[in-house]
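S.K.: I need the structure of the sequence given here:
(2 chains)
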Number of protein chains: 2
Amino acid sequence: MLETICRMKNKFKYSFEQLFITRLLLRWTILIFPVSLLTGLLVALFMRLLDLATKTRLHYEWIIFLLPFAGILITWLYQFAGKNSEAGNNLIMSEIHRSGEGVPARMAPLILFTTVITHLFGGSAGREGTAVQMGGSVSGLFAKWFKLNDEDKRILLMCGISAGFGAVFGTPVAGTVFALEVLTIGRIKYDALIPCLIAGIIADITCSSCGIHHTHYQINYIDERIRLFPHLSFDIILLAKVIIAGVLFGCTGTLFSELSHWIKAKSKIYIKSVWLIPVVGAALVIGISYVLGTRNYMGLGVTNPEGVSIVAAFQPGGAETFSWFWKLLLTAITLGMGFKGGEVTPLFFIGATLGNTLAVISGAPIDLFAGLGFIAVFAGATNTPLACTIMGAELFGADYILYYAVACFTAYYFSGHSGIYQAQRVAVSKF
Amino acid sequence: MLETICRMKNKFKYSFEQLFITRLLLRWTILIFPVSLLTGLLVALFMRLLDLATKTRLHYEWIIFLLPFAGILITWLYQFAGKNSEAGNNLIMSEIHRSGEGVPARMAPLILFTTVITHLFGGSAGREGTAVQMGGSVSGLFAKWFKLNDEDKRILLMCGISAGFGAVFGTPVAGTVFALEVLTIGRIKYDALIPCLIAGIIADITCSSCGIHHTHYQINYIDERIRLFPHLSFDIILLAKVIIAGVLFGCTGTLFSELSHWIKAKSKIYIKSVWLIPVVGAALVIGISYVLGTRNYMGLGVTNPEGVSIVAAFQPGGAETFSWFWKLLLTAITLGMGFKGGEVTPLFFIGATLGNTLAVISGAPIDLFAGLGFIAVFAGATNTPLACTIMGAELFGADYILYYAVACFTAYYFSGHSGIYQAQRVAVSKF
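M.R.: Modelled structure (predicted):
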């Protein structure tokens, strides 16, 4: 009897599924709207402050010597007011996998403030971790206010990731796929496909309506060289170069995540006082920069009027041979030793400069390879090849989407089963 | 003891994972090469013949009256030589889900010949089913020769889908994602990510190196209108129109698949002789065309010198208000009553013309909406929103990728849990 009712109910539901879907989507739109509006506003505020911090640092050269004190302040803030928010992105991902203590609301102001501090005093870090954590924290808060059940809370947290990511890079479609793809290696589930897209769009519109402009990158390369095999309607040699570069991008992604984890683990073991960790980290960052004789690898590194930067790496001569390695090292130290910020913009920097170097060595088009490195090192380190391929199309246009896919998928395979997010699970092994 | 050895073996494997992945990818490249080369050549041959068939049909107007006999010939061929290949794409998908009798080699020549026959005499059908079936059939053949185990056979079959799809539309990245996405609703597994990409690329290069040119579609719309809300850096009104269009595209996708299934089922019940089914189908196709006074809805419909076609739908006046419905009806009859060919090109036609109509009604840009319909009706009918979003970027450029995603994801949700492939499984419910 009960079974019959249940079956009838199901049949009824499937007969009018369009109505149920409409109701579901309207409900989600209402739930998501405040979350992504607030996330978009916070991201806009954050990017304004970040811009100000970068300008201030470039203006007052002595400011970097305060980096150790900034580190102590950040450590103190997380020790006394952090609760469980120190875990950052990993906390949000764990909460999506299995509901626990929840993402605390304090995570948003804490990460916002500490990231700006990190950048102001010259730490090498990114933005996306901050944006994603603000999104997750806002989601957690609203989930509590709305009294959502665990399943809905999960979806709202994924929306928070998508909103933060979409707003900070101006790439809502990549943000949507990223939020779904980053949780588990080797699988995407579509349980939050439209909610994440709604969140990404609202947050992106909000952020750019606040006057935030995203950096434009250009791949101007036009494929018109004389080919080795004129009968093939495709540049096989370039494809081979892209595959080899993809392997190296993937290995570089792994190198970054392994090195960050290693520095974090070892500094906890060998430096007895937690207060000393950021001081040593700051000393290393400043010391290495002085040995190299450049401050190009401090801060965000998107633009730089006279040195190596992400934008410069798209031009011939825009990066030095080992720029990628120094940025990798300084970021791993900064983030592994108590400072705050994202990993993704440094990964863009590492990838774009490595792409520049590889293009010079192999005689490949520089702007194309900088673009491929930009997305593929990130794809390897976070195990998100589809999101990165789509991001390539959103940022650089789709003319070379085939090469984006080749580079990102190859980097994904060659980055192995580790990544920067330790809360990421393995669903499908790569071999 | 055994456990320890096992653990050590695993540890060894993960320590040198890059080496294992290299070996794996080299092995797959060697396995895939002959499969996708042959698939690419077959697709090139198929597209040449298709072109010839379409030209012949346009030249000899009386040829369409032979359609009933063509139907009888096709039925006879599948009755006496088809084995299990009648099931077409569904057979390939079932074999991927669970290894059974295998995909027979005869499927390739049979589907190639019967599709060309269908097009020559004016049936309304597409190409992708044929290309995918040829890819699957070639994969099945090589899997037998290589003596692959079930798991490897599965992956090779997915490569066959990707090769066929990538070659026939010139979109290898969309083909890769399609092959992974089409198997189950609501989930992508990455177990064949790189193999499918390799297959798509080799098949596409082979096909285009044979001199096959893919149709170019253009979205020239530039977003520079005066906005209702000048403070928002986004055209909200256009977004709202795209969402509503996405709902209608999704419902149209469902209408197509339900109508095809219904016609197939009912004609088996009400028409006692199998030989009569294609005769009645042919009579309906010819009769409806005569009542409408146009042959625009027969054949492939990609281009048409003087009437409605996919290319024409991107221009103002390129489609009539109900073009989409007539194409939908004629294709459902053609494919539901014994003729052969793909469903996707007709879905492109239905979508592009419906997009044209909706753009006229709502005052939206015509080329953009034709492009959105092109990909979104397909996304709804096959439940592959990501592949279709990427296909949009590959075919029309990435400027409007956000709208592609909105239209495809919305259509995906509103198409419900059915689709044109009955062997598709549901992994994650849409509500």
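S.K.: and residue A:26, how many neighbours does it have?
M.R.: Applying other C-beta atoms under 10 Å in any protein chain shown, we find 10 residues neighbouring residue A:26. (Each C-beta comes from the backbone N, C-alpha and C, glycine too.)
S.K.: Just the pLDDT for it.
M.R.: Note for residue A:26: predicted pLDDT of 92.
S.K.: Okay, it and chain B: tell me how far apart.
M.R.: As defined by C-beta to the nearest C-beta, to the nearest Å, residue A:26 lies at a distance of 12 Å from chain B.
S.K.: Tell me which helix or strand that residue sits in.
M.R.: helix A:17-59 (DSSP states H and E).
S.K.: Against which helices or strands is that helix packed?
M.R.: Contact partners of helix A:17-59 among helices and strands, from 3 or more C-beta pairs under 8 Å, 6 or more residues apart in numbering or on different chains; DSSP states H and E: helix A:107-120, helix A:128-145, helix A:150-169, helix A:193-209, helix B:401-414.
S.K.: Quick one: name whatever helix or strand follows that helix.
M.R.: Beyond helix A:17-59 in the direction of the C-terminus, DSSP H and E gives the next helix or strand as helix A:67-81.
S.K.: coming back round to it: let me know which of the helices and strands packed on helix A:17-59 is the nearest to residue B:80.
M.R.: Comparing these by their distance to residue B:80 (C-beta to C-beta), the top pick is helix B:401-414, with 39.8 Å.
S.K.: what helices or strands is that closest one leaning on?
M.R.: With contacts defined as 3+ C-beta pairs under 8 Å, 6+ apart, the secondary structure elements packing on helix B:401-414 are helix A:17-59, helix A:172-181, helix A:193-209, helix A:385-396, helix B:236-270, helix B:366-382, helix B:385-396.
S.K.: Flag every buried residue along it.
M.R.: Residues of helix B:401-414 classed as buried: B:401-414 (neighbour count, 16 or more other C-beta atoms under 10 Å in any protein chain shown).
S.K.: As CSV, these with pLDDT would be great.
M.R.: Formatted as CSV, the entries for the buried residues of helix B:401-414 read as follows, by pLDDT from 0 to 100:
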residue, pLDDT
B:401, 94
B:402, 94
B:403, 95
B:404, 96
B:405, 96
B:406, 96
B:407, 97
B:408, 97
B:409, 96
B:410, 95
B:411, 96
B:412, 94
B:413, 92
B:414, 92
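S.K.: export those to JSON lines and tack on distance to residue B:361?
M.R.: Below are these laid out as JSON lines (distance: C-beta to C-beta, whole Å):
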{"residue": "B:401", "distance to residue B:361": "25"}
{"residue": "B:402", "distance to residue B:361": "22"}
{"residue": "B:403", "distance to residue B:361": "17"}
{"residue": "B:404", "distance to residue B:361": "21"}
{"residue": "B:405", "distance to residue B:361": "23"}
{"residue": "B:406", "distance to residue B:361": "19"}
{"residue": "B:407", "distance to residue B:361": "16"}
{"residue": "B:408", "distance to residue B:361": "21"}
{"residue": "B:409", "distance to residue B:361": "22"}
{"residue": "B:410", "distance to residue B:361": "18"}
{"residue": "B:411", "distance to residue B:361": "18"}
{"residue": "B:412", "distance to residue B:361": "23"}
{"residue": "B:413", "distance to residue B:361": "22"}
{"residue": "B:414", "distance to residue B:361": "18"}
